[in-house]
Each structure stands twice: as C-alpha cells, then as structure tokens.
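Engineer: When you get a sec, could you give me coordinates for this:
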Amino acid sequence: MTRIAAIAVAAMLLAACGQRAPLTPPPGETLPPPAYGESQSPTAEQLLELDPQAAPERSVELRRESEEREDDPFDLPPEN
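Structural biologist: Coordinates of the predicted model:
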C-alpha cells in the first residue's frame, strides 16, 4: 500500500513542476539566427509552435463500433 502511495505522490510532484515563466535562452546563449531571407529571429514561442504537417487535423470521422467493417485481406491468422 505504501508503494502505491509513493507512486501517487511522485506523480503529483511531477505534475506540479510545470514552467511558469516565459521561455528565455540560457545565460550566455542566444536564439538561433533568422532563416535565410527573414529579417528577424523567431521568438521562443514561435519556435515551439508545431507546423500543420507535424500535427495535422483529423479529416475523417472515426468509425463507430456498431458499423460493419470491410473484409481485410491482410487480416490472416498466424502461421504455425
């Protein structure tokens, strides 16, 4: 029982250690230089944004469990 309590406390501590200040580069470091053709460097928030190809939106609805599924020719039983 103490093991479960220790795991729960560790999970709460990890969940509570989020970043609360704006992101800045470490002392003595700078952000990356601007890309070729750009006039200014991106901010830390801009560098953390995902582009649409990295996290595409879902374009089709999920199937429901009650729908009849098509026959899958690759769904074969394991060979002995």
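
Engineer: For the rest of this, base every contact and every neighbour count on C-alpha atoms.
Structural biologist: Will do.

Engineer: Report pLDDT for Ala15.
Structural biologist: Note for Ala15: predicted pLDDT of 69.

Engineer: Met12: what secondary structure?
Structural biologist: The assignment at Met12 comes out as helix when based on DSSP: H, G, I helix; E, B strand; the rest coil.

Engineer: Three-state assignment for Asn4, please.
Structural biologist: For the record, residue 4 is Ile, not Asn. Ile4 - assigned by three-state DSSP - is helix.

Engineer: ok, it - how many residues close by?
Structural biologist: Counted with other CA atoms under 10 Å, the neighbours of Ile4 add up to 9.

Engineer: Quick check, pLDDT for it.
Structural biologist: At Ile4, the pLDDT value in this model is 86.

Engineer: And the one 3 residues further on, by the same measure?
Structural biologist: pLDDT, the model's per-residue confidence, is 87 for Ile7.

Engineer: what helix or strand is Phe46 on?
Structural biologist: No, residue 46 isn't Phe; it's Gln. helix 44-48 (DSSP states H and E).

Engineer: Could you list the residues in contact with that helix?
Structural biologist: 23-24, 31 (CA atoms under 8 Å, 6 or more residues apart in numbering).

Engineer: go with 10 Å
Structural biologist: For helix 44-48, the external contacting residues (CA atoms under 10 Å, 6 or more residues apart in numbering) are 22-25, 31-32, 41-42.

Engineer: Right, I'll leave it there.
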